[in-house]
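J.: turn this into a model:
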Amino acid sequence: MIGLTCLVFAGAPAAHTLSYPRLVHVRFGPELVEVAVQVSVHAGAKARALRDRHDADGDGLLSEPEKQALAATLDGQGRAKLRVLVDGVPLAPEVGVLDLDLTREDGVEGHSLGLKSVAAVAVVLLPGTHTVVVEDLPPSPRATVPLRVEVPGWAVEPGPADKDATPLAAMASGWLGGFSGDGGAVHFTVTVPPR
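T.: Okay, the predicted model is just below:
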């Protein structure tokens, strides 16, 4: 059973395509769940097309509002098919941080685009074991989406992985990692100790 102190629902901007590689990071805390997404578009035709599409005044530069629009587009595409469910309840975290990085790459046409997006939802998990499902659709049928899970101080038990997904496994740095595959989901349980 989830104890929800405040659940904020916010829809992501409409996505036209899911063609960009990304990394998903889910972090559980005592009173919130953070769902961060990192989207990368390497320098080249796709990055240039995205920049050009958001250069509303056509001056070849991105103003601050144009950068914010580009960041919102990348975030929407990164989150379009991402779902995190706790005990069967889908979480809809509200995006709080969009950090857009436009990096010019030597020897490559244009800029690469990188976005780090952090969203959070206030959730208090009651003591006991909770079932968590993370599902996403990768950028292509043969790709996967890396998933990083952090659950400080609580027990985590990897569960099954659907389709092309891989179950969570412990990483040397203390977090858990897995991959969501073509429509697949990563399942695990989180056990919250008595308070």
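J.: show me the helices in the protein, by range?
T.: With DSSP state H as the criterion, the chain has helices at 45-54, 64-79.
J.: between the ones you listed, which one is closest to Val133.
T.: helix 64-79 (15.9 Å; Cβ to Cβ). Glycine gets a C-beta too; all of them are placed from N, C-alpha and C.
J.: wait, Ala165 sits on Gly177?
T.: No - Ala165 lies out of contact with Gly177 (Cβ atoms under 8 Å); the separation is 11.9 Å.
J.: okay, which residue is most central for this structure?
T.: Val37 (3.0 Å; Cα atoms, centre = their mean).
J.: give me the neighbour count for the closest residue in space to it that isn't next to it in sequence.
T.: Computed as Cβ to Cβ, 6 or more residues apart in numbering, the closest residue to Val37 that is not its neighbour in sequence is Gly78, at 4.2 Å. Burial of Gly78 is recorded as 28 neighbouring residues (other Cβ atoms under 10 Å).
J.: who are the neighbours in contact with Gly78?
T.: Gly78 makes contacts with 20, 22, 37-39, 115, 117, as judged by Cβ atoms under 8 Å, 6 or more residues apart in numbering.
J.: how about a cut-off of 10 Å?
T.: By Cβ atoms under 10 Å, 6 or more residues apart in numbering, the residues touching Gly78 are 12, 15, 18, 20-24, 36-40, 115-117, 136, 139, 145.
J.: so which of those residues belong to strands?
T.: 22-24, 36-40, 115-117, 145 (DSSP state E).
J.: output the helices of the chain in TSV, with distance to Pro158 and mean pLDDT appended to each entry.
T.: Output for those, formatted as TSV (distance: least, Cβ to Cβ, whole Å; pLDDT from 0 to 100):
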stretch	distance to Pro158	mean pLDDT
helix 45-54	34	88
helix 64-79	24	91
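J.: tell me the most buried of the ones you listed?
T.: Of all these, helix 64-79 carries the top mean neighbour count, a mean of 19, counting by mean count of other Cβ atoms under 10 Å.
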